[in-house]
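Engineer: got a structure for you, letters missing:
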């Protein structure tokens, strides 16, 4: 069982495999990134087009590998915000088999609210807080 | 208009973009590879699991870039066999916008029938010829 | 034997390999891109920093695969301009083993002079012509 | 200052950049992987060729991003073993600017001794312990 309201499906590409014939470890972070951006778009916090206006920067992430991912496996990636700080927000990420719900990997991502044009961090905008709390059902 | 019976959808990943903020040129070949393998699987010529038994090796490919591909754009890749030689087969590939049918890139791929265990090329098996001709509707 | 004045060394990364345990076919184009940009930098035509000012756009490329490239193999990539048209220039690219000089792949790349800000092609600047001709020793 | 005896240089590729025009976050793990494998090869624990005999599997990793990495920046990646457990070993990884020694990112990697053919973990071989302790100068 899991606690993710949001999932994004990812197709495993042949090019994602490495010489061990499973998805390369760095590629798990590509899957997490793709799902994270789709989450932000789903919540209406980014338009998917203005790369200077994405509003957050990645400062820390980790992945615990639980099982190898194979070519042809049906995968989706759960994302949810687990903590809202002053400037930073923390996400839990879960790469799972769509057919069996097996968790293939669990990730944790820390983002900081950031203005790419001025290259400065800033407090998370109130609008972000409200939208995320409403979506995740936290008060 | 196009002549492709087979199309495979590809999701543009944020990680496919480069500093020009469009899909990187090498990534077009990743899209073509993914569609090519799905085509071979669709025709029942590869099981998607036995990497030593994929039966073909890439010897030549090209891509003509017609328009940049953006993050969020809905893309699919058409594949068809355009020529069956003795040992080689030639594919036409077309990366197109799913919404507008605009062709973003046109590719050409030459594969040779190949045994990865003995590392030797060989004539295209009759079974491949029959299946491909039946699928493509060529005699 | 080859006719390349310019070579750029590329380290094969483990992540460049695919399930066939050799460098993935799309990655050859990444190697060619890297060498092409270093060539343009070497000739003083790009500063390596201003991505809007790179001055050329890729319109066509191809690769003939001659031998698989292995992890740990010492590779370098030869680049030279083989034709200067009005708006387009054509490059020959050669991926070779640094130790044996074996050619692993031969590529051909067509670039068009391009202004990324106005999104328009234009004739190759005279300065580019002069610098390329001087470097390549063509009149 | 740092405590790494081993460093591996990595060339930033244009294809490593993303739409933010810096090295993509997942690519940091590719750099860490490349350095980690070269470390294992440097210590004579892997021959760089037998992918079934690499002897370890990745179970956990993290990265703290300290500064964006630019195209053309001279980078190297420090690796050292910081802990040897029964079955697992922990590595510290540091991506640094070769010119200024600035740390761009700090990573932590947990590997488990693993037989890819039987798909089973096992205690770290005594030979590995001895070689790593001798190299790192720990008792």
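Structural biologist: Received it, and whenever you're ready, just let me know what you need. Quick caveat: nothing in here was measured; it's all calculated off a predicted structure. Residues are numbered from 1 along each chain as shown, chains lettered A, B, ... in the order given.
Engineer: only C-alpha atoms for contact and neighbour calcs from this point on.
Structural biologist: Will do.
Engineer: got the residues of chain A near chain D?
Structural biologist: For chain A, the residues in contact with chain D (C-alpha under 8 Å from any C-alpha of the partner chain) are A:19-20, A:25-27, A:29-30, A:51-52, A:58-66.
Engineer: apply 6 Å and report the result again.
Structural biologist: On the criterion C-alpha under 6 Å from any C-alpha of the partner chain, chain D has as its neighbours in chain A the residues A:26, A:29, A:30, A:59, A:60, A:61, A:62, A:63, A:64, A:65.
Engineer: who are the neighbours in contact with the fifth one?
Structural biologist: With contacts taken as C-alpha atoms under 6 Å, 6 or more residues apart in numbering or on different chains, residue A:60 has the following neighbours: A:109, A:110, D:63, D:64, D:65.
Engineer: okay, those in a markdown table with neighbour count next?
Structural biologist: Shown next, in a markdown table, are these (neighbours: other C-alpha atoms under 10 Å in any protein chain shown):
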| residue | neighbour count |
| --- | --- |
| A:109 | 24 |
| A:110 | 21 |
| D:63 | 24 |
| D:64 | 18 |
| D:65 | 20 |
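Engineer: picking up where we left off before, now the residues of chain A next to chain D in JSON lines, with pLDDT?
Structural biologist: Formatted as JSON lines, these follow (pLDDT from 0 to 100):
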{"residue": "A:26", "pLDDT": "98"}
{"residue": "A:29", "pLDDT": "98"}
{"residue": "A:30", "pLDDT": "98"}
{"residue": "A:59", "pLDDT": "98"}
{"residue": "A:60", "pLDDT": "98"}
{"residue": "A:61", "pLDDT": "98"}
{"residue": "A:62", "pLDDT": "98"}
{"residue": "A:63", "pLDDT": "98"}
{"residue": "A:64", "pLDDT": "98"}
{"residue": "A:65", "pLDDT": "98"}
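Engineer: in strands, which of the residues you listed appear?
Structural biologist: Of the positions in these, A:59, A:60, A:61, A:62, A:63, A:64, A:65 sit in strands, assigned by DSSP state E.
Engineer: which one of those residues is nearest to residue C:40?
Structural biologist: residue A:59 (33.5 Å; C-alpha to C-alpha).
Engineer: ok, and the closest non-adjacent residue to the closest one?
Structural biologist: The spatially closest residue to residue A:59, leaving aside those adjacent along the chain, is residue D:65, at 4.9 Å (C-alpha to C-alpha, 6 or more residues apart in numbering or on different chains).
Engineer: check the gap between the one you found and chain C for me.
Structural biologist: Summarising the geometry, the distance separating residue D:65 from chain C, computed by C-alpha to the nearest C-alpha, to the nearest Å, is 21 Å.
Engineer: and the most centrally placed residue in chain A, what element?
Structural biologist: When chain A is reduced to its mean C-alpha position, the closest residue under C-alpha atoms, centre = their mean turns out to be residue A:36, at 2.8 Å. For residue A:36, the host element (DSSP states H and E) is helix A:25-42.
Engineer: residue A:89 and chain D: what is the separation?
Structural biologist: Between residue A:89 and chain D the distance, using C-alpha to the nearest C-alpha, works out to 15 Å.
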